[in-house]
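S.K.: next input, structure requested:
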Amino acid sequence: MYIISTFEHSNYLELAITSIQMKGIKKESILCVPMDKRGEDKQLFDTLHSSDGLSLLDLPIILATMFCLFGGIYGFLLTWGPILWGLISMVVGFGIGFMIKLIITKKYDNRQKNLKATEVVMIINCDDHQLDMIRDTLWRHNALGVSRLSLEDIVYV
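M.R.: From the prediction side, this is the model:
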């Protein structure tokens, strides 16, 4: 029987390993594998197949609409007319919103890079009667996820 769990690389992982060893699981029955972080930068624009949840165009479109409205209103008083001033102010509003959103997105990405810890996958080989004890120990030490794998459940084709 195998128990597979994931942890953030922290002191809780070390405490979980020590606690499991104190409950009778041998050191040779525990395998921990750290996962690599993604090294490449995120894309600025979302595609159809991948999205990170941060929209880059929401603020620019809102500001473009507001500036276009005010440009059209005050364009009646200015010499080029409401249509040209509406288009000019729409482009200016979109540019200002895009720059603000780029700055906010860069700060958010830098903050997330500093906070993101590496994950570690822990695989424990144990007997059936130790399953509940190990699972409870892993949950108490802040495991991100816990699952069991029984070799009898695997179907070979």
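S.K.: which residues sit in contact with Ser5?
M.R.: Ser5 makes contacts with 121-122, 124, 138, 143-147, as judged by C-beta atoms under 8 Å, 6 or more residues apart in numbering. (C-beta placed from N, C-alpha, C; glycine too.)
S.K.: restricted to helices, list those residues.
M.R.: Counting by DSSP state H, the contacts of Ser5 place Leu138 in helices.
S.K.: give me the buried entries from the contacts of Ser5.
M.R.: 122, 124, 138, 143, 146 (16 or more other C-beta atoms under 10 Å).
S.K.: I figured the fourth one hits Ser10, correct?
M.R.: No. At 11.2 Å, Ala143 does not count as touching Ser10 under the criterion of C-beta atoms under 8 Å.
S.K.: one step back: pick out whichever of the buried ones among the contacts of Ser5 sits closest to Phe76.
M.R.: Ala143 (65.1 Å; C-beta to C-beta).
S.K.: what residues does that closest one make contact with?
M.R.: Contacts for Ala143 (C-beta under 8 Å, 6+ apart) come out as 5-7, 16.
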